[in-house]
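S.K.: what follows is a predicted protein model with its sequence.
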Amino acid sequence: MNRYKNLRRFAALLILILISAVLPYRDAYSDDSNAAQFHRAKEEFVKGYTYFNSMNYLAAAEYFRKALSLYPDYFTAREYLARSYRLAGYSEESRTEWELLSKDSDTPAVKNKIDVLNARAAGISEKSGNEFFESQKIISSEMGRYKFDYPLDLVVDNEKNIYVTSFSLGKLVKLNPDCEGISEKSFAMDSKLYGIDFRANHLVITDFALDCVYIADTDLKLKKTIGSRGDKDGLFHGPEGITFDTRGYFYVADSGNNRIQKFSPEGKFILSFGTVGKYEGELTNPSGVAVSGDKVYVTDTGNNRIAVFDDSGNFVENFSVEGLKIPKAIRSRNGNLVISDERSGICMYDIETKESVFFREWDDGKGSFSRVTSALYDRDGFLYALDHSRQTIFVFSPLASRYSNLDVEIQSVDIKKYPLVAYYLSVRDRSGRPVYGLTPNDFEVTEDGARIRHQYINYLRDREKSVSMTIAVDRSLAAKPHAKEVAWASDFILKKLHKNDSVKVLGFNSDYWIGNNFDWSRRRALKALESGNYASGKAVGRTLYGAISDIAQKLNRRAVILVTDGSVDDDSFRQYSEDRIIDCAREHFVPVFIISFKAADRSLERIARETGGGVIRASSVNALKSLYDRVKNSEEYRYVLVYRSFKTDDFADWWSDVTVKVNMKGVSGVEWCGYFVPRLSTETHRSPGKLPTSNAVAPENKSSGGSSGGAAPAAGGGH
């Protein structure tokens, strides 16, 4: 019976695909001339598609243009031309192609492509605002063994895992981004866990009952216990809130001792400040602490105010916020304080303007807090609020995001291990910031109308960390006085190379050339760095653009490093402008670092800043020493979406339509693409293979047969 059902399903699917393949081309075959033109256009499309999947976007664009010149109504060729332009850093040209497509269709997905590019060009940032809608609710009583009765504090890590302290149960509970319990931990008998914070894969947690602080990793493994009952340095009496600063030092609200204590990242006592009272520099039962810049903000609960100190413990000021009644936890984010008040809800306070907004109810009053004891934003702008009385975690999305889609962009498709299909893609908000911590449940994949039920997305994140860098050396006459210093400055990076790393060396003046191709050998890299002819010319733009385009194909952590005297000339950006370099680098998350022997030109500073890199003076040895680690420990922003297709040899050479939807806490985005179904070999039938481990290279398309030629209608077959 199951076999009969499968045969019926297969037959129905085959009919659907045949119909979808034929209908869009009725006009193409209305006469022999049109048919011939279309087939020639299809041949050009296939060439472009192959270059696209090898991430050679400018070459791909050339073939897509040829396909359109032969058959102007080839919608998929225009879609891929628009994608190629954008991924090559040609944003204006990309927008033009999407606008041409929008004239033939009012598909929202096409409009979103245009809106995203317009927002980027205008420099519009995605702000959270102060209006929210509830997107998730996690109730302790429904979590089984992972319940967190009477919680007091929570924190969210970089992957959107949630850690919540259960005061009554004395345990720490970890939830994954899908809000499912994955681990729990009691550090000691009779614990009453209170405050928690996260930084660099470490957690710090206060124990109110046992008067100590725990340092643990994100697997909840205890690394160290600090303190015990007392009022001496490093001892506690009812510790409550706790926070890290940007350097890894942490501050504890030692409530019963009416003070704040500061510790090193290793847990060594540094200093304490505050004493009991209501005057300047005095505190009464402080319960929360946050750091913004060099200022430390304390919820002075007993005095119903916020006390401000510098990071050396010197008193700065006290201030009150109208509406606060029982302020408890406090967090900082982008120059704002998020203050949790047990009676008034959540107060968003702007440090610069001193303006405040309260959030207590939502959905026209249908939802409200009872006793909120902790609230924070994650780095994607979602608000997490902990209601102690209701024993519930609420997750809110900014209301503005409800009406703006995520930007999902396919960068290439790999079918070398077919029937495994791998899509290399990025997911961003409308302002271009990457979206973190997505899980397989956030993705919905449809292939030729059939829902794919199982997909894997964390291939890049699960790989062992490694680095690929391109070092571009300025061999202009202006840089010649620093020739002997190039290898010295670069060797701080080369000394840290491992066998799974690779470095490429380029030299440039009026043009650029390869000194040494990607290699892990320090000796060969140094040889290339120590040799090179100096001549007139300074093709900075062409060199950086070529280096970025080249290294974008690498699957590990990547960076381009320009070693220069810091100057540019009139022709440096003639062929490739600063904007084009920045757009290309940002599309592929490639930071550009400038190692400069003198003050760097403003154009170089801008490129470094806007690509997520930085300018390093060659005399700054500590900065040079840390550059390798900075790149290697950077986050992976790309996703690789992998699934097993159901197609067989009967579908070989046909174009398969694929739609990828991303839904995250009430915010969504969609991308559509496709691939030519390859013919399965006998070996592939026996062993379908694992996820590809090499760079995303061009698939071996067999598209000369009677396939639909990749001319699927725009927006996933909708027009």
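M.R.: Good, I have the coordinates.
S.K.: give me the buried positions along stretch 184-191.
M.R.: 184-185, 187, 191 (16 or more other Cβ atoms under 10 Å). Using the backbone N, CA and C atoms, a C-beta is placed for each residue, glycine as well.
S.K.: repeat for stretch 105-123
M.R.: So, applying 16+ other Cβ under 10 Å, buried residues of stretch 105-123: 105, 107, 109-117, 119-120.
S.K.: got a markdown table for those, with distance to Arg638, pLDDT and secondary structure too?
M.R.: Compiled in a markdown table, those are given as follows (distance: Cβ to Cβ, whole Å; pLDDT from 0 to 100; DSSP: H, G, I helix; E, B strand; the rest coil):
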| residue | distance to Arg638 | pLDDT | secondary structure |
| --- | --- | --- | --- |
| Ser105 | 29 | 73 | coil |
| Thr107 | 26 | 79 | coil |
| Ala109 | 21 | 85 | helix |
| Val110 | 24 | 89 | helix |
| Lys111 | 25 | 88 | helix |
| Asn112 | 20 | 87 | helix |
| Lys113 | 19 | 90 | helix |
| Ile114 | 23 | 89 | helix |
| Asp115 | 23 | 86 | helix |
| Val116 | 17 | 85 | helix |
| Leu117 | 20 | 88 | helix |
| Ala119 | 21 | 79 | helix |
| Arg120 | 18 | 78 | helix |
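S.K.: list the helices and strands whichever helix or strand Val670 is part of packs on?
M.R.: In this structure, Val670 sits in strand 667-676 according to DSSP states H and E. Contacts defined by 3 or more Cβ pairs under 8 Å, 6 or more residues apart in numbering; DSSP states H and E place strand 667-676 against helix 108-122, strand 407-414, strand 420-428, strand 655-664, helix 714-717.
S.K.: look at Tyr637 and report its pLDDT.
M.R.: On pLDDT, Tyr637 comes in at 88.
S.K.: just give me the neighbour total for the closest residue to it other than its chain neighbours.
M.R.: What sits nearest to Tyr637 in space, not counting adjacent residues and going by Cβ to Cβ, 6 or more residues apart in numbering, is Pro434, at 4.0 Å. Using other Cβ atoms under 10 Å, Pro434 has 18 neighbouring residues.
S.K.: Pro434 contacts Phe589, doesn't it?
M.R.: Yes. With contact defined as Cβ atoms under 8 Å, Pro434 reaches Phe589; the gap is 7.0 Å.
S.K.: shared neighbours, the two?
M.R.: Residues touching both Pro434 and Phe589 (Cβ atoms under 8 Å, 6 or more residues apart in numbering) are 426, 637.
S.K.: wait, what's in contact with the nearest residue in space to Gly181 that is not next to it in sequence?
M.R.: Nearest non-adjacent residue to Gly181, counting by Cβ to Cβ, 6+ apart: Tyr146, 2.5 Å away. With contacts defined as Cβ under 8 Å, 6+ apart, Tyr146 is in contact with 173, 175, 181-182, 184.
S.K.: which single one of these is nearest to Lys224?
M.R.: Glu184 (19.9 Å; Cβ to Cβ).
S.K.: does that closest one sit in a helix, a strand or a coil?
M.R.: At Glu184 the chain is in strand, as set by DSSP: H, G, I helix; E, B strand; the rest coil.
S.K.: burial of the closest residue to Leu425 other than its chain neighbours, as a residue count?
M.R.: In space, and not counting its chain neighbours, Leu425 is closest to Ile410: 5.0 Å by Cβ to Cβ, 6+ apart. Applying other Cβ under 10 Å, we find 21 residues neighbouring Ile410.
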